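Trainee: Build the 3D model from these lines:
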Amino acid sequence: MALSTKLWTPTDTTSKLTTSGGKLNWAAGLAAWGDPAVAGAYSLIRMAGLTLEFEITPTSGTWHFGMHSSGTLTQNIANYIRSTGTNLVAGIGATQPVLPVTLSAGTSYRFRLVFKAAGCLWYYSTDSGKTWYAIWEEATTSDATLYAMLNSNQFVGSNGVVVVFKGALTDPVISTTPAAPTPSLGADVAVNGVFAADTNWTKDAGWSIAAGAASVATDGNVSIYQETLTIGAWYKLSVGLTALTNASGISFISVAGTPIGPTFSAIQTHALYCRATTTTLGIMLRGGAAGKTATIDNVKAEPYTLASLLSSAGDAGSKYGIFDFAVTVGATYQAGGLFCLDDAATPANYLHAYVDQTDGKAYLLKVVGGVTTELIGTAITYGAADQLRVVVSPGTSGLSNAQVALYYDGAKIGDTQTVDLTNMGTLARSFDTSGAATVAVTANV
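Mentor: Sure thing, here's the model as predicted:
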């Protein structure tokens, strides 16, 4: 592109900008932030569908491209896209979530920012604009007057197409709040959970079984357990606590000596809703002073039918996109969504993101051929209706090494994951172990 000073206002005190071959070329060097840079000479009025599209071929350095809200180029930027090394971030003022797109030097990319009355959608293309992939969405910025800008921070490379046009604002392919599911439990898989005999359980020192109960008297933190769960399956675990002395309480365990979930101390039946990460079903006596005692009975492990934890959200029509789940779920339960799902009745291949109110974490799982792999499990600060987001974008080989990133309340959680989506589908479902959660599902592709 030949740089027209009627359309663009350049800032280039050290002569780093040149034009050749229909492109604007950027040389190494930086006088200051915004120098070199180009800014639109005319203001634009925010409207739904206002689209800024540009092509860029990076070699090195950092660049910003997007809209700012002042006629004088400053860092008061409304919506933009920015490189940082080989990573790409979406800019919403000072908020800059890292996107699951890796930039390669010398490769040409096209980006689109499609504005809404409030907010913006980000897209990118690697085939000169033939195919576009949604990679971020926000709904807060509302600057009425906008100016296009491209700014360098030691950027070396070139950019070609830069166009501004009024396009159609694409609605989300899914936008719904499904009714809560009705969880269904299968047969109890605990063996001798009523302690009818002193069999089937492995007992740490201090535990004994008699008269339909298991009792413990010890100064330590000790467990009683058996191997009966199926890894990756969802369960309602329950236990009756009938007596407790000098101890903090009891907890379920994932392996001997490793507690999961809360510590129970009330004399009553307690339940834990969880995904099995090991085959171990067990109870551990925890905390307190010397001379601890406890008695338990009626241990159960009832598996959920996964399909009964799902509510239909729709078909995204694509394995790539932005999948949002605004989750409100009670303590001790889990809620979120399944996406890239092959079959809702008998799920075997899919991605699964959820918030776990039992341990205060956000999770991303990959399920292939019915085998579950935990990709991310990171502590979060839960907030009712806060957004759990997953962005899925093509990898260098397309579906076979797709890039998947998890976010909670706008913050990236864990590392971007490489996942083979070849055998996955395009269905989306809400997920809830309580039967009472609220999960609003949105998908932009």
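
Trainee: residue ranges of the strands in the stretch 151-300 of the chain, please?
Mentor: Along the stretch 151-300 of the chain, counting by DSSP state E, counting those that start in this stretch, strands occupy 174-176, 202-203, 207-210, 213-218, 223-227, 234-245, 249-255, 258-264, 269-275, 280-286, 292-303.

Trainee: May I see those strands organised as a markdown table, with mean pLDDT, mean neighbour count and distance to Glu53 added?
Mentor: For glycine as for every other residue, the C-beta is placed from the backbone atoms N, C-alpha and C. Compiled in a markdown table, the strands of the stretch 151-300 of the chain are given as follows (pLDDT from 0 to 100; neighbours: other C-beta atoms under 10 Å; distance: least, C-beta to C-beta, whole Å):
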| stretch | mean pLDDT | mean neighbour count | distance to Glu53 |
| --- | --- | --- | --- |
| strand 174-176 | 96 | 17 | 25 |
| strand 202-203 | 97 | 14 | 64 |
| strand 207-210 | 98 | 16 | 68 |
| strand 213-218 | 96 | 19 | 67 |
| strand 223-227 | 97 | 21 | 57 |
| strand 234-245 | 98 | 19 | 44 |
| strand 249-255 | 94 | 21 | 50 |
| strand 258-264 | 93 | 18 | 49 |
| strand 269-275 | 97 | 19 | 43 |
| strand 280-286 | 96 | 24 | 54 |
| strand 292-303 | 98 | 20 | 50 |
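
Trainee: okay, those strands in JSON lines with distance to Pro100 next?
Mentor: Formatted as JSON lines, those follow (distance: least, C-beta to C-beta, whole Å):
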{"stretch": "strand 174-176", "distance to Pro100": "20"}
{"stretch": "strand 202-203", "distance to Pro100": "43"}
{"stretch": "strand 207-210", "distance to Pro100": "48"}
{"stretch": "strand 213-218", "distance to Pro100": "48"}
{"stretch": "strand 223-227", "distance to Pro100": "38"}
{"stretch": "strand 234-245", "distance to Pro100": "27"}
{"stretch": "strand 249-255", "distance to Pro100": "30"}
{"stretch": "strand 258-264", "distance to Pro100": "30"}
{"stretch": "strand 269-275", "distance to Pro100": "24"}
{"stretch": "strand 280-286", "distance to Pro100": "34"}
{"stretch": "strand 292-303", "distance to Pro100": "33"}
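
Trainee: could you say what helices and strands the lowest-mean-pLDDT helix or strand in the chain packs with?
Mentor: Taking mean pLDDT, DSSP states H and E as the measure, the helix or strand of the chain with the lowest value is strand 145-166, at a mean of 82. With contacts taken as 3 or more C-beta pairs under 8 Å, 6 or more residues apart in numbering; DSSP states H and E, strand 145-166 sits against strand 23-26, strand 37-40, strand 44-45, strand 50-68, strand 77-84.
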